[in-house]
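> heads up, no residue letters with this:
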């Protein structure tokens, strides 16, 4: 058995881009995306400056987070250790792009599936070297076998003479850099100056350290000045409004049933419309909308059923699909019992319904935790934040429902909503003001001071507006509930976008 890897000799690299061109030619890589590219970084102060070149690509990780999160095993490990991909299995969920800590995966606009460097595995299987190795004029790209202790890559690992990108992610990369400038490998140690790149324009979709984020983030450990990135490639944020909306719709579905379960516990199971029939219908509608958003966000929506037929059970996308299906069964059982006026059966459904509601609201915390490339989403408070948001969403939706039918124990619902809203704000503020890594600090800077600041401030404005209205009851409470739901969405949208704002390459 072999474990293939690359030695990328930055000391030999001349920045000619032959590897990039050869890769594009070999794999018909479309314009605008790259499997491999060269990053230029400059250090020093004129006239004592240096330019450094580093080849960027998939790191063929031993512990590959892209494989773990891929819901259909479209990303898999070949027998020679290469992390390869199968176009026919990919559903275009884009989760792998956020799981990769190296910006190495992109969605091919021609196939709508995930692509990346696969070591030219079709060449390897025929006894040939990757195309980038063949064309490199200075032999700056070399293949090695980590299972051969005498190979160059094994010696670099053993004697500490090589460097890897983002070692803190513990993915155990099989790409080792020799004689690389540290600031060229650390995406947070270099920045694009306000006057832009030398050969390329900066755009809003080109995430790089911003002046605000650089100021907020701790300085480099070695005390060196931040280097200047003078050439790199764009990596657009891949998740947006659809994902933010899905977080809110499933929070509403889960929260409505949490509120309804409370009403059953308080002895109102016999209330057919307000407890037995309407709540599961509302929750079911938002659960269905959740499914529509999930499928609609896929680049290959016609393959959504692969989640079940070809599901990779290590992925929380697949586990989440099972949770949503279980919650749907609970909603159907609750609705049938309500229609049959079998109020006595509802207490029996409370426990499974509450468990699946909590799972529906909270499983995204585990999904986001598998997005190794996005440290903001790795926070320990994300699960309680999502659960508190479900309480807010359920209480707010019930406030609106109270305008159309008489909800029993409405004061208890108001209290539940007020507690959930307060807990949500406290958890978010605690998370934002805690001590964090550079990556998380920069993401929070983008959330509170940078590109997402307007959304964040709108959320902060809507919370104090919603709070007193909720406590008044009646129409004001419904208005307050709507404000809370709008605030919930704008915060989620800002959070999802801020998590993707930090550069990974």
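That came through, no problem. Fair warning: this is a prediction, and the values are worked out from it, not measured in the lab.
> Flag the shaky bits of this protein, pLDDT-wise.
By pLDDT under 70, the weakly predicted segments of the chain are 1, 194-225.
> and it, what are its domains?
4-231, 241-499 (automatic domain parsing).
> what about the longest one, distance to the chain center?
This points to domain 241-499. Centroid separation for domain 241-499 versus its chain: 18 Å, with Cα atoms, centre = their mean, to the nearest Å.
> just the shortest one next, same as before
Relative to its parent chain, domain 4-231 has a centroid offset of 19 Å by Cα atoms, centre = their mean.
> Could you give the separation between the terminal residues of it?
For domain 4-231, the first and last residues are 29 Å from each other (Cα to Cα, to the nearest Å).
> ok, now the last one?
Counting by Cα to Cα, the length from the leading to the trailing residue of domain 241-499 is 13 Å.
> which residues in the stretch 1-150 of the chain form helices?
With helices called from DSSP state H, counting those that start in this stretch, the stretch 1-150 of the chain shows them at 18-27, 65-69, 95-99, 121-124, 131-135.
> would you list these in a markdown table and tack on mean neighbour count and distance to residue 384?
C-beta here means a position set from N, CA and C on the backbone, and glycine is covered the same way. Listed next are the helices of the stretch 1-150 of the chain as a markdown table, based on neighbours: other Cβ atoms under 10 Å; distance: least, Cβ to Cβ, whole Å:
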| stretch | mean neighbour count | distance to residue 384 |
| --- | --- | --- |
| helix 18-27 | 18 | 44 |
| helix 65-69 | 23 | 22 |
| helix 95-99 | 27 | 22 |
| helix 121-124 | 16 | 43 |
| helix 131-135 | 19 | 46 |
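> out of those, which comes closest to residue 481?
Between residue 481 and the helices of the stretch 1-150 of the chain, the tightest spacing by Cβ to Cβ is seen for helix 95-99, at 31.6 Å.
> same for that closest one, what does it pack against?
helix 65-69 (3 or more Cβ pairs under 8 Å, 6 or more residues apart in numbering; DSSP states H and E).
> what residues does the helix it packs on touch?
With Cβ atoms under 8 Å, 6 or more residues apart in numbering as the test, helix 65-69 has contacts from 73, 75-77, 83, 95-96, 99-101, 105, 116, 169, 171, 314-317, 367, 370-373.
> Narrow these to just the buried residues.
With burial judged by 16 or more other Cβ atoms under 10 Å, the buried subset of the contacts of helix 65-69 is 73, 75-76, 83, 95-96, 99-101, 105, 116, 169, 171, 315-317, 367, 370-373.
> Okay, the residue nearest to residue 468 when sequence neighbours are not counted and residue 245: tell me how far apart.
Counting by Cβ to Cβ, 6 or more residues apart in numbering, residue 480 is the residue found nearest to residue 468 once chain neighbours are left out, at 7.5 Å. Here the criterion is Cβ to Cβ, to the nearest Å. By it, residue 480 lies 21 Å from residue 245.
> Which residue of the two possesses the greater neighbour count?
residue 480 (28 against 21; other Cβ atoms under 10 Å).
> so that one makes contact with residue 464?
No. Contact criterion Cβ atoms under 8 Å: residue 480 and residue 464 do not qualify, at 10.5 Å.
> if we can go back for a sec, and residue 505, which of the domains of the chain is closest to it?
Smallest distance to residue 505 across the domains of the chain (Cβ to Cβ): 3.8 Å, for domain 4-231.
> Now residue 139. Nearest residue, chain neighbours left out?
Spatially, and ignoring its direct neighbours in sequence, residue 139 is nearest to residue 12 (6.5 Å; Cβ to Cβ, 6+ apart).
> before we move on, the earlier item: nearest to residue 233, out of the helices of the stretch 1-150 of the chain?
Among the helices of the stretch 1-150 of the chain, the nearest to residue 233 by Cβ to Cβ is helix 18-27 (9.0 Å).
> The residue nearest to residue 468 sits in which helix or strand?
Per DSSP states H and E, residue 480 falls inside helix 474-499.
> Spit out the contact partners of the residue nearest to residue 139.
138-140, 179.
> neighbour-wise, which of those residues leads?
Neighbour max across these (other Cβ under 10 Å) = residue 140, 25 neighbours.
> need the contact list for residue 89.
Contacts were defined as Cβ under 8 Å, 6+ apart; by that measure residue 89 touches 72-74, 306, 310.
> now, among those, which is nearest to residue 33?
Residue 33 has its nearest neighbour among the contacts of residue 89 in residue 74, at 17.1 Å by Cβ to Cβ.
> Quick one: neighbours of the closest one, just the number.
Other residues close to residue 74 by other Cβ under 10 Å number 26.
> Return the residues in contact with residue 473.
When contacts are taken as Cβ under 8 Å, 6+ apart, residue 473 is in contact with 410-411, 414.
> closest to residue 50 out of the helices of the stretch 1-150 of the chain?
Closest approach to residue 50 among the helices of the stretch 1-150 of the chain is made by helix 18-27 (21.3 Å; Cβ to Cβ).
> Verify the stated contact: residue 277 with residue 341.
No. Applying Cβ under 8 Å as the test, residue 277 and residue 341 come out as separate, 9.5 Å apart.
> Tell me which of these two has more neighbours.
Neighbour count, other Cβ under 10 Å: between residue 277 and residue 341, residue 277 has more, with 19 against 12.
> Who's the closest spatial neighbour of the more buried one, skipping the chain neighbours?
By the measure of Cβ to Cβ, 6+ apart, the closest residue to residue 277 outside its immediate chain neighbours is residue 338, 4.2 Å from it.
> Give the burial count for that neighbour, as a bare number.
Residues near residue 338, counting by other Cβ under 10 Å, number 26.
> show me what contacts it?
272, 275-277, 280, 346.
> top of the residues you listed by neighbour count?
Neighbour counts for those (other Cβ under 10 Å) peak at residue 280, which has 28 neighbours.
> which secondary structure element contains it?
helix 278-296.
> Now flag whichever of the contacts of residue 338 is closest to residue 390.
Here the nearest of those to residue 390, counting by Cβ to Cβ, is residue 280; it sits at 15.8 Å.
> from memory the closest one sits against residue 328, does it?
No. Using Cβ under 8 Å, residue 280 is not in contact with residue 328, being 9.9 Å away.
> Return the backbone torsion pair for the residue lying farthest from the centre of the chain.
Of all residues in the chain, residue 341 has its C-alpha farthest from the mean position, at 43.3 Å, by Cα atoms, centre = their mean. Main-chain dihedrals, residue 341, degrees, to the nearest 10: phi 50, psi 40.
> Same check on residue 453?
Dihedral angles (degrees, to the nearest 10) for residue 453: phi -60, psi -40.
> any idea how far residue 438 is from it?
Distance of residue 453 to residue 438, given as Cβ to Cβ: 20 Å.
> ok, those two, which is more surrounded?
residue 438 (22 against 16).
> Save the domains of the chain as a markdown table, and put in distance to residue 505 too.
Putting the domains of the chain into a markdown table (distance: least, Cβ to Cβ, whole Å) gives the following:
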| stretch | distance to residue 505 |
| --- | --- |
| domain 4-231 | 4 |
| domain 241-499 | 10 |
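> now the contacts of residue 89 in TSV, with distance to residue 259?
Below are the contacts of residue 89 laid out as TSV (distance: Cβ to Cβ, whole Å):
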residue	distance to residue 259
72	35
73	39
74	39
306	35
310	37
